[in-house]
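**Q** Only the shape, not the letters, is given here:
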């Protein structure tokens, strides 16, 4: 059997607390391999979001490195890397303008400027939530927290990444909408199981069972495989 390829890796990753000599997290070693569906769990404030941000190269670390396909990401490669490994934070930032303008954002970046915006696909995804074309014309500033979270997820899925770093993507959603998000992410991964993977932060044990097949537990700033 051919071993699965490691897409995103962390080696000895550590970040110190800014106010003292303690560590926010340390000795973080992990591999996101093609086909993985991983959960990252741990108490509130244990550093889960910080680790996701470090993996997305959004925050600096004090030790260790992040690798893409076994190689360190150079400064010039960071924009391309972030288009492949997308971090979806709990409260997705939206720019002033409409929902459609926000969904188009990834396609205005240099790394995707050659790709047309898949408007029909955006409408298809919105239909899963019972929304139509009129939702595209809504102003981002008028959206609820749950609607903003949906727009953030759809923007990420439309960008067609290889890795999704999901930071409680259903935290602001009702049960039905959360179930749709789970289905969309599972379908996205299943559509290309040999090339796509995700790391999902969740505080819902039942959700973890539904959407992941391996659990990484963060405890006191250190990582362990719990299943």
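**A** Structure's in. What do you need? Computed from a prediction, not measured in an experiment: that's the story for all the values here.

**Q** Any idea which residue is closest to the centre of this protein?
**A** residue 165 (2.4 Å; C-alpha atoms, centre = their mean).

**Q** so who does that one touch?
**A** 52, 55-56, 85-88, 198-199 (C-beta atoms under 8 Å, 6 or more residues apart in numbering). Yep, even glycine has a C-beta here, placed from its N, CA and C like the rest.

**Q** Ok, residue 63 next?
**A** Here residue 63 is in contact with 12-15, 26 (criterion: C-beta under 8 Å, 6+ apart).

**Q** Is it bridged to anything, and to what?
**A** Beta-bridge partners recorded for residue 63 (DSSP bridges): residue 14.

**Q** let's number from 17 now, not from 1
**A** OK, 17 is where the count begins now, so the last one is residue 79.

**Q** what's the distance between it and residue 115?
**A** Here the criterion is C-beta to C-beta, to the nearest Å. By it, residue 79 lies 40 Å from residue 115.

**Q** Could I get the buried residue list for stretch 117-125?
**A** 117-123 (16 or more other C-beta atoms under 10 Å).

**Q** try stretch 36-47
**A** Applying 16+ other C-beta under 10 Å to stretch 36-47 flags 39-42, 44, 46-47 as buried.

**Q** all strands for the chain, in order.
**A** Ranges of strands within the chain are 22-32, 39-49, 53-57, 79-84, 87-88, 101-104, 179-183, 213-217, 230-235, 238-241, based on DSSP state E.

**Q** Run through the neighbouring helices and strands of the second one.
**A** Helices and strands in packing contact with strand 39-49 are listed as strand 22-32, helix 64-71, strand 213-217, strand 238-241; criterion 3 or more C-beta pairs under 8 Å, 6 or more residues apart in numbering; DSSP states H and E.
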